[in-house]
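**Q** I would like the atomic coordinates for the input below:
(one chain, ligands or ions: 1)
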Amino acid sequence: VRLYTYFRSSAAFRVRIALHLKGLRYEPHAVSLPRGVHRQAEYASVNPQALVPTLVTDDGLHLAQSLAIMEYLEEAHPEPALLPRDMAGKARVRSLSLLVACEIHPLNNLRTLQYLKRELKLGEDQVNAWYRYWIAEGLGKLEAEMRAPLTGKFSHGDAPTMADCCLVPQIFNAKRYECDLSPYPTVMRVFGECMKLDAFDRAQPSRQPDAE
Ligand SMILES: N[C@@H](CCC(=O)N[C@@H](CS)C(=O)NCC(=O)O)C(=O)O
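**A** Purely as a prediction, here's the structure:
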């Protein structure tokens, strides 16, 4: 498979983790977001949503949206599983994943921040305050969800799931914006456990071929 990715994209980071966890080789194809390559005509034919990641498979499937991509990988390559087998567990992992992907990430996405700066003319301090506000809002909710016995070593149980693929990149973003992470001890414990695993480490931004 080919993955259209950008080293700092947290949505692409989720998929990179999933690919590494499943031991799947992929060809990374870098799309520079700061240079606006994702908005150029050539990329529109790859992904009309003008977002990364995009997964392109050998048989020509073009798939956008990181959660849909991870679900696809899960069905195509069930082992090791990124979703629990039981219905309730599966729903919980999806719920935790969506909490990051829908409630936090879109508010702090590149185009959102660019709109605040370019159209609403907010200064750097105001944009950073926006960023940190929504991180605190979202991570507070995630921390509240991380309760034993459902949360174990990882977000759900003792093996990494799709929820961890979403959690870790969001923490990288929060650290980049120097957010205070002390109010989220369980989230940070899980983050620490994840980062001990090779799959998470290899997927991180600084390890990508397009890292600047
Ligand atoms: N919900 C999408 C989000 C994709 C997304 O927003 N990706 C960001 C990078 S993390 C992007 O391409 N941003 C471009 C922009 O905001 O213009 C997913 O999960 O794949």
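**Q** if you skip the residues just before and after it, what's nearest to E143?
**A** Using C-beta to C-beta, 6 or more residues apart in numbering and skipping the chain neighbours, the partner closest in space to E143 is Y184 (4.4 Å). Where C-beta positions appear, they are placed from N, C-alpha and C, glycine not excepted.
**Q** Give me the phi and psi for that neighbour.
**A** phi -120, psi 60 (degrees, to the nearest 10).
**Q** count of neighbours near it?
**A** Here the number of neighbours of Y184 (other C-beta atoms under 10 Å) works out to 22.
**Q** and if you look at P205?
**A** Residues within reach of P205, counting by other C-beta under 10 Å, total 20.
**Q** before we move on, what about Q114?
**A** When neighbours are counted by other C-beta under 10 Å, Q114 registers 11.
**Q** any idea how far the residue of the chain most remote from its centre lies from Y115?
**A** Ranked by distance from the centre of the chain (C-alpha atoms, centre = their mean), the top residue is K121, with 27.9 Å. In this structure, K121 and Y115 are 11 Å apart, going by C-beta to C-beta, to the nearest Å.
**Q** again with T186
**A** Counting by C-beta to C-beta, the separation of T186 from Y115 is 33 Å.
**Q** can you check D210 too?
**A** As judged by C-beta to C-beta, D210 and Y115 stand 25 Å apart.
**Q** Around the ligand, pick out the residues from this protein.
**A** Applying the criterion C-beta under 6 Å from any ligand atom, the portion of the chain that neighbours the ligand consists of 9-11, 33, 38, 51-53, 65-67, 101, 109-111.
**Q** Of these, which count as buried by neighbour count?
**A** Burial by neighbour count, judged by 16 or more other C-beta atoms under 10 Å, picks out 9-11, 33, 38, 51-53, 65-67, 101, 109 from the residues of the chain next to the ligand.
**Q** With secondary structure added, can I get the residues you listed in CSV?
**A** Formatted as CSV, those follow (DSSP: H, G, I helix; E, B strand; the rest coil):
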residue, secondary structure
S9, coil
S10, helix
A11, helix
L33, coil
H38, helix
L51, coil
V52, coil
P53, coil
Q65, coil
S66, helix
L67, helix
A101, helix
N109, coil
